[in-house]
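Peer 1: pasting a predicted model and its sequence here:
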Amino acid sequence: MKEIVKALTTILLFTALASAAAASDLPSKAKPSATPEMLEKGKAVYFKRCSFCHGLLGDGDGPAAYQLMPRPRDFTLGLYKFRTTQSGELPTDEDLFRTISRGIPGTAMQTFGGESGKNGLTEEQRWQVIYYIKTFFKGFTEPDSDPYKQVVKTAPKIQSSSESIEKGRKIFGEMKCWECHGESGTGNGPNAPKLKDKFRKDPILPFDLTKGWRYKAGNAADDIYMRFNTGLNGTPMPSFADSLKDEERWHLANYVVSLQKKEVLSASVLKAKFVSGDLPFTVDAPLWNSTEGIDVSLAGQVIANPRWENPSVELVGIKAVYNPTEIAFLMEWSDRFEDTLHKQELEYNVPPAYKGYLSWEDIPRKPGNFRDSIALQFPVTVSGGAKKPSFFRGDSSNPVNLWVWNADLAAQGKPGVEEAVARGFNQPLKAEAPEERQVLSKSAWKDGRWRVVMKRPLSTKDKNDIQFEKGQFIPFALNAWDGSNGEHGLIMSLSSWHYVFLETGTPAWVYIYAFMGIALTGFGEYWFILRKRKK
Amino acid sequence: MGEGKKGILPSVVKMLKEAVNRGAGRGAADPSAPAAASKKPGFFWGICISMAVIYGAVKWLIPFASRRITGMPFALPVPGTLMLFYMALAAAAMALYVTFSDERFSDFTRPVKAFFDGSYGTLPRGAALVIIPLLVGWLVYDHWSPNVLAPLSLRIQHPSSNFPKKMEDLKNPFANPEDANVNAFIEEAKSGHVEFVSQVGPDVAKWKEANPESHALGFIPSEQMVKFLSGLKSGNVSKEIAKAALMEKNLFEGRALYAMNCRPCHGDSVSGDGPMADGFKLRPINFTDNGTIETIVEGYTFWRISTGGVGLPIEATPWDSAMPAWNQSLTEDERWKIMFAEYDMAQKTPRMPEKH
């Protein structure tokens, strides 16, 4: 019951957040005129809040720019992705207002809407900074390129229906959207690895349409329809204003919305379900479908050098089942490409004097260089109290046990999981000898998603292994690597501690207590009525 | 069972009607009710409604009011134990009131007795006799059955057990520069060659190249800096203005270092909402929150930044903290500059150290 309530609140919270983001992106008053004073104030706002990423000259190359992917926008080019104007044209002031207010999910551009008690920018400050940003590109002053004359015409919305979604699905195929976005919309079509942007000729990945929370300019059908009308300037995403009819663009938008995963089941306790028979040891065993799991959020490894702000794996779904002798975990996460090769000689060696965040340009991020991996981490010993090893690879007195699954080993038909012990992030993982390993794995990559099952006996004789006991809260954390994103070593995503709890049946004495409660109350009632009758 | 369902509803309606009739002082509608019922028959329900109103006030009105009072975007819920306290006090007060005189007590218990006498119909009575024990049984089961909620981990936000006492009186040298530094800054500015932390070097150099006729500090658009630079031109520089301009330069460097190192978690609005924040269960601190950097002395903030999560004592759950130990990656000056910018962006001032 509590879990259902929790899940519902998560969903509600998520939709509330999404709608809040959409609500504060429209100005409440008419925009003020761009006076020289406004420009001067805008310059001050820009200096204080924008210049460290976008640069003092607006060239998208401020001190923090090197560590960001995608790079901050270069305002001197006049190329803007999110507009309501025709392909190739400049954005309206309101378009810029929307982007600044909403922020761009999945990037370092955060929301600057000031309405949530946060330290954003007031509406007036946002207008000021917009007027200032426009001074970086001369085109904004040329009457020929007035964006207000280029606003796209829109047609009335077609509400989503299974019919409309089906039409959209056909268009997705016919218009070859899948060439970049992939058959299932996960951003891994055959052209995906080759794409470049027009800003700096940086590699650019087609959007993973299933990640509902990451849509850069809104995940509603209206937003997506608008993107089809305008295209995304500076990227390979074209406008479909000429190649599709209005209603076709609506159908396509409805189809894209239908691909989104929206609910995130974040919880801190993963319940391992008890089964009396054999554990499911394939990724698609039917038992997994009837098992309840949780979604674990991950962040970039920003704690120790080399710090990494551009993680690829940000959410892993995890489920667990156990029987009297073994426990099995299923992990599922989005990963555009199946990376099953690993070139050790290309691994990044952290220079001893290196202090900052890592630039993605410093690692060879080409597909085929590094493998995909995931690691389940447990404390070696579970203390009864709250005390735990550090969630980041333990510490010198509190070691952790890691089950590291590597896609290259699995692809070669070798045992996929290496078991290791760590005593802090600053020491290399100490791998156990192959004959001591007891974790078995099965894995499959399909449609931009990895699914990995790991299985081990509940207890082992190795003193460096976690021992699973029923009815205990056993901490676990995740590390994950996306090879084609250049991730390996400490260039990874990681999660905080969560718990796995091996469900125990309700003990018999609980039923006895409940029965006694019923009996005693019933007897009390009987006595009460009897006494009254006697009166 | 189906028949039972049909029977219960009319009986309940009848019962409620009678209660309302009696409350309105129109006398008992049911002749089988005791004659005294016409006196104060709504008393029992009055007590019940009062308890419900008190519960509602504690549960919803207090959080609602707290939101208005604190001005924060979220309500402060009443903790469970406090709730229990309020309700126990309310129940005790009601009990006192009810048992004040025998007459009141019998008024209060009359509807209960009448109910069990079957005056309101035997069906509701039967239903109650079955439901009450089942409810008790369920409560017992719910209380004792294994419950899978994460263990609570209590955490002290500002531990002091291993805070080095000598750091308590530390002052941020960049938030209030000494005269010698101000004089050096004036000389530097006069020469036209101003040193910046290396991280901002390339961007500033590019700006200078694009604006060769401007002063090296000309990219800082604040009022104090503009005054300082015009004073420099006319050869008339006051110490105060120069000090204010130096602070602006320090803030610029601090903000840049913050954007490079702290922003991924603490966010560019210093609200603890950076792009990495959602991945950490122990969320990055929101500096705009009144209970954070404003309640501690500068030396403490400096210590927290320098030693990070690993430097925390056990009572502050170091194993959950993602805060790096910045003494490994940033110089002391860089850390102080970041702190200056952080307090400035959050519009907070640190607590003053106590006099010894």
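Peer 2: Cool, the structure landed.
Peer 1: in stretch A:173-183, which residues are buried?
Peer 2: By 16 or more other CB atoms under 10 Å in any protein chain shown, the buried positions in stretch A:173-183 come out as A:175, A:177-178, A:180-182. For glycine as for every other residue, the C-beta is placed from the backbone atoms N, C-alpha and C.
Peer 1: mind checking the end-to-end distance for that stretch?
Peer 2: Terminal residues of stretch A:173-183 are spaced 8 Å apart (CA to CA, to the nearest Å).
Peer 1: picking that back up, okay if I get the buried residues of stretch A:173-183 as TSV plus pLDDT, distance to chain B and secondary structure?
Peer 2: As requested, these are exported to TSV (pLDDT from 0 to 100; distance: CB to the nearest CB, whole Å; DSSP: H, G, I helix; E, B strand; the rest coil):
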residue	pLDDT	distance to chain B	secondary structure
A:Met175	95	32	coil
A:Cys177	96	28	coil
A:Trp178	95	29	helix
A:Cys180	96	24	helix
A:His181	96	23	helix
A:Gly182	94	25	coil
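Peer 1: smallest gap between the stretch 151-300 of chain A and chain B, at which residue?
Peer 2: Closest residue of the stretch 151-300 of chain A to chain B, CB to the nearest CB: A:Ala299 (2.4 Å).
Peer 1: so which bits of the stretch 101-250 of chain B are right by chain A?
Peer 2: Residues of the stretch 101-250 of chain B lying close to chain A (CB under 8 Å from any CB of the partner chain) are B:113, B:116-117, B:129, B:132-134, B:136-141, B:144-146, B:148-154, B:199-200, B:202-204, B:206-207, B:210, B:219-222.
Peer 1: if you set the cut-off to 7 Å instead, what comes out?
Peer 2: Within the stretch 101-250 of chain B, the positions near chain A by CB under 7 Å from any CB of the partner chain are B:116-117, B:129, B:132-134, B:136-137, B:140-141, B:144-146, B:148-151, B:153, B:199-200, B:203-204, B:206-207, B:210, B:219-222.
Peer 1: drop anything exposed from those.
Peer 2: Of those, these count as buried by 16+ other CB under 10 Å: B:116-117, B:129, B:133, B:136-137, B:140-141, B:144, B:148, B:199-200, B:203-204, B:206-207, B:219-222.
Peer 1: helices - which of those residues land there?
Peer 2: Counting by DSSP state H, the part of these found in helices is B:116-117, B:129, B:133, B:136-137, B:140-141, B:144, B:203-204, B:206-207.
Peer 1: identify the farthest-apart pair in the residues you listed.
Peer 2: B:Asp117 and B:Lys206 (92.8 Å; CB to CB).
Peer 1: residues contacting B:Asn250?
Peer 2: Neighbouring residues of B:Asn250 by CB atoms under 7 Å, 6 or more residues apart in numbering or on different chains: B:174, B:337, B:340.
Peer 1: what about the stretch 1-150 of chain B, any weak spots by pLDDT?
Peer 2: Residues of the stretch 1-150 of chain B meeting the criterion pLDDT under 70: B:1-41, B:72-74.
Peer 1: hmm, I was thinking of the stretch 101-250 of chain A
Peer 2: Checking the stretch 101-250 of chain A against pLDDT under 70 turns up A:114-118.
Peer 1: and if we set it to 80?
Peer 2: For the stretch 101-250 of chain A, the stretches with pLDDT under 80 are A:114-119.
Peer 1: where does chain B get nearest to chain A, residue-wise?
Peer 2: Counting by CB to the nearest CB, chain B gets nearest chain A through B:Gly279, at 2.4 Å.
Peer 1: list phi and psi for that residue.
Peer 2: In terms of degrees, to the nearest 10, the main-chain angles of B:Gly279 are phi -80, psi -10.
Peer 1: contacts only, for the nearest residue to it once chain neighbours are set aside.
Peer 2: Leaving aside its chain neighbours, B:Gly279 sits nearest to A:Ala299 (2.4 Å; criterion: CB to CB, 6 or more residues apart in numbering or on different chains). Counting by CB under 7 Å, 6+ apart, A:Ala299 touches A:311, A:493-494, B:276, B:279-280.
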